[in-house]
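Engineer: Generate coordinates for the sequence data below:
(one chain, ligands or ions: 2)
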Amino acid sequence: MFSAIFKTMKRYPVPDEIKAFAKVFAENGYSLYIVGGAVRDHFLGTANSDYDFCTDAQPQQVVEMFRKVIPTGIKHGTVTVLLRGASYEVTTFRSESDYSDGRHPDNVTYITNLHEDLSRRDFTINALAADCIQGNVTDDFDGLGDLGKGLVRAIGNPRERFKEDALRLMRLARFCSKLDFKPEAETFQAAKELAPTIANVSQERIYDELSKILMTKVPSVGLSILENTGILAIVLPELTACRAIKQNKVGACDVLEHTYNCVDAAAANGYSLTVRLAALLHDIGKPSTMAFNQYGIMRFHGHDVQGSKMAKDVLRRLKCSNRTIDDVGLVIAEHMTHYTPNWTDGAVKRFIRRVGRQNLDMLFELQRCDQIASTGAPNAEEYEAFMKRITELENQPMNLKDLAVTGEDLAKAGIPKSKTMGEVLGKLLEMVVDYPTLNDKETLIKQALVIYNQMTAV
Ligand code: ATP
Ligand code: MG
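Structural biologist: Residues are numbered from 1 along each chain as shown. Ligands and ions are numbered 1, 2, ... in the order given. This next block holds a predicted model:
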């Protein structure tokens with residue numbers, strides 16, 4: 001029914017500034033189309049102003065038509081035109097004949113035929129093109145029909161498409177997740193058969209697609225497709241190992257299902273990619289730490305620390321930025337730290353110091369997702385009580401720089417600059433964390449001498 005509706009509205013509302021941009025091409029005898037995501041999403045009723053353009057003009061000809069053109073992806077025939085404060089990414093129609101490595105086309109041949117250009121694209125729903133003057137839509141592979149059916153279908157022979165570029169295996173999962181679509185049966189079957197070829201794809205490209213899957217509204221849709229095609233076992237075997245670990249959590253009978261729920265909770269709350277990555281990897285330490293206590297109850301002692309180490313290894317393997325690796329590692333290591341009102345002020349301050357004030361939100365977001373996925377609801381009481389204590393104490397001295405004395409002061413008082421002086425300062429700090437009223441210069445110098453004399457007494 002939907003497909004019939006789509007077929008009757010084959011016009012794309014081209015914004016005026018794009019029409020003006022396209023006129024330059026027309027005046028020079030070339031055509032310009034919006035292709036891919038923007039057209040697809042328009043027919044789904046979703047805004048997408050991330051335009052990809054294609055044209056029969058060769059990159060050199062585009063360069064000659066405009067004053068400011070940057071050769072952003074010239075190897076693939078892509079240039080970026082800067083015009084009246086906007087930037088337009090334009091790719092010349094091309095055919096890519098052979099992909100002997102399953103990653104890069106062996107050669108890019110520029111062509112002048114739109115149909116041929118559309119036929120080398122991945123999925124029918126991504127091969128919709130709208131001409132930029134009239135808005136007429138070209139739909140040579142019944143992409144509109146598949147949009148109506150909610151299917152992601154490879155163009156032509158799916159095995160060939162995946163063999164050409166194995167990243168398309170992950171793109172299949174990404175578009176299903178983004179649009180809440182199903183993979184078309186033969187496309188899915190081909191993805192299963194060719195799953196091992198994902199090993200040919202660079203870790204950077206895999207990470208990029210994985211991030212895009214995590215940033216969709218319900219990432220578990222895409223993650224399940226990765227799992228069911230066998231791709232997840234190759235890309236993230238640490239996660240598939242969690243399938244075997246049975247446990248009783250709300251709506252999840254094993255650790256991987258719980259993980260999916262946790263990632264979905266992060267997405268439902270609009271949390272950052274870092275938190276979503278942490279949600280994805282937070283329990284990967286469970287399979288290797290699983291043990292049974294004397295009552296036969298399953299425990300995962302130390303899975304936080306083990307998981308943090310493993311998550312950092314995974315993200316290093318995926319060539320992720322150091323910042324993300326550190327952040328994810330930190331919050332996973334701390335995800336089992338739960339506040340109780342009997343924490344002393346010193347314990348609260350040591351926690352703030354250990355995690356870093358700037359990282360607390362990230363940690364609490366992960367814990368919130370874990371709680372939602374474990375019990376169905378976040379523990380708001382614990383959070384509020386903890387935040388209250390943190391706010392009360394966060395301005396109290398906690399770091400060496402907050403001490404009322406410096407190394408210089410201790411040197412003047414007769415303590416030689418040495419490793420021992422560093423240890424004395426450390427002890428003063430711990431004292432001040434527990435007893436903040438002692439943080440005055442005179443008291444600290446006196447106490448420093450006591451500590452120093454104790455340490456150096458034979
Ligand atoms: P999004 O809205 O998420 O950006 P998109 O469809 O625009 O979705 P892009 O990755 O920006 O996706 O790619 C733009 C278009 O280029 C796609 O719609 C598709 O036609 C084509 N394309 C991109 N990557 C590939 C690929 N690996 N194989 C084949 N075609 C591709
Ligand atoms: Mg796009």
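
Engineer: Let's see the pLDDT reported for the closest residue to ligand 2 within the stretch 1-150 of the chain.
Structural biologist: In the stretch 1-150 of the chain, the residue that lies nearest ligand 2 is G37 (3.9 Å; C-beta to the ion). For glycine as for every other residue, the C-beta is placed from the backbone atoms N, C-alpha and C. For G37, the pLDDT comes out at 95.

Engineer: dump the residue contacts of it.
Structural biologist: Contacts for G37 (C-beta atoms under 8 Å, 6 or more residues apart in numbering) come out as N48, D50, D52, N126.

Engineer: Please flag which of these sit within strands.
Structural biologist: D52 (DSSP state E).

Engineer: Ranking by neighbours, what's the top pick from the contacts of G37?
Structural biologist: N126 (20 neighbours; other C-beta atoms under 10 Å).

Engineer: burial measure for the residue lying closest to P341 once chain neighbours are set aside, as a count.
Structural biologist: Leaving out its chain neighbours, the residue that sits closest to P341 by C-beta to C-beta, 6 or more residues apart in numbering is A385, at 6.2 Å. Neighbourhood size, A385 [other C-beta under 10 Å]: 15.

Engineer: so A385 is in which element?
Structural biologist: helix 380-393 (DSSP states H and E).

Engineer: could you give me the average pLDDT of that helix?
Structural biologist: Rounded mean pLDDT across helix 380-393 is 95.

Engineer: can you list contacts of it?
Structural biologist: With C-beta under 8 Å, 6+ apart as the criterion, helix 380-393 contacts H338, Y339, P341, W343, D345, V348, K349, I352, L360, F364, Q367, R368.

Engineer: Relative to Q367, how far out is the closest residue to the fourth one other than its chain neighbours?
Structural biologist: Spatially, and ignoring its direct neighbours in sequence, W343 is nearest to R389 (7.2 Å; C-beta to C-beta, 6+ apart). R389 sits 16 Å away from Q367, going by C-beta to C-beta, to the nearest Å.

Engineer: G296 now?
Structural biologist: Counting by C-beta to C-beta - G296 and Q367 are separated by 28 Å.

Engineer: what's the burial count for the residue of the stretch 351-458 of the chain found nearest ligand 1?
Structural biologist: Scanning the stretch 351-458 of the chain for the residue nearest ligand 1 gives C369, at 23.9 Å (criterion: C-beta to the nearest ligand atom). By the criterion of other C-beta under 10 Å, C369 has 27 neighbours.

Engineer: mind checking the SS state of it?
Structural biologist: Using DSSP: H, G, I helix; E, B strand; the rest coil, the structure places C369 in helix.

Engineer: what does this protein put close to ligand 1?
Structural biologist: Where the chain comes near ligand 1, counting by C-beta under 6 Å from any ligand atom, the residues are 35-37, 48, 50, 52, 121-122, 126-127, 165, 167-168, 171.

Engineer: List the residues that contact the closest residue to ligand 1 within the stretch 101-250 of the chain.
Structural biologist: Residue nearest to ligand 1 within the stretch 101-250 of the chain: N126 (3.2 Å; C-beta to the nearest ligand atom). Residues in contact with N126, defined by C-beta under 8 Å, 6+ apart, are G36, G37, R40, G143, F175.

Engineer: State the mean pLDDT of whatever helix or strand the last one lives in.
Structural biologist: Put plainly, it is F175. Element membership for F175 (DSSP H and E) is helix 167-179. The average pLDDT for helix 167-179 rounds to 98.

Engineer: List the buried residues for the helix holding A385?
Structural biologist: Neighbour counts over helix 380-393 (16 or more other C-beta atoms under 10 Å) mark E382, F386, R389, I390, L393 as buried.

Engineer: so which of those comes closest to P287?
Structural biologist: Relative to P287, the closest of those is E382; by C-beta to C-beta it sits at 27.7 Å.

Engineer: if we can go back for a sec, which ones among the contacts of helix 380-393 lie within helices?
Structural biologist: Those of these mapping onto helices are D345, V348, K349, I352, L360, F364, Q367, R368, per DSSP state H.

Engineer: number of nearby residues for the fifth one?
Structural biologist: Close neighbours of L360, defined as other C-beta under 10 Å, add up to 18.

Engineer: okay, the residue of the stretch 351-458 of the chain closest to ligand 1: pLDDT?
Structural biologist: 97.
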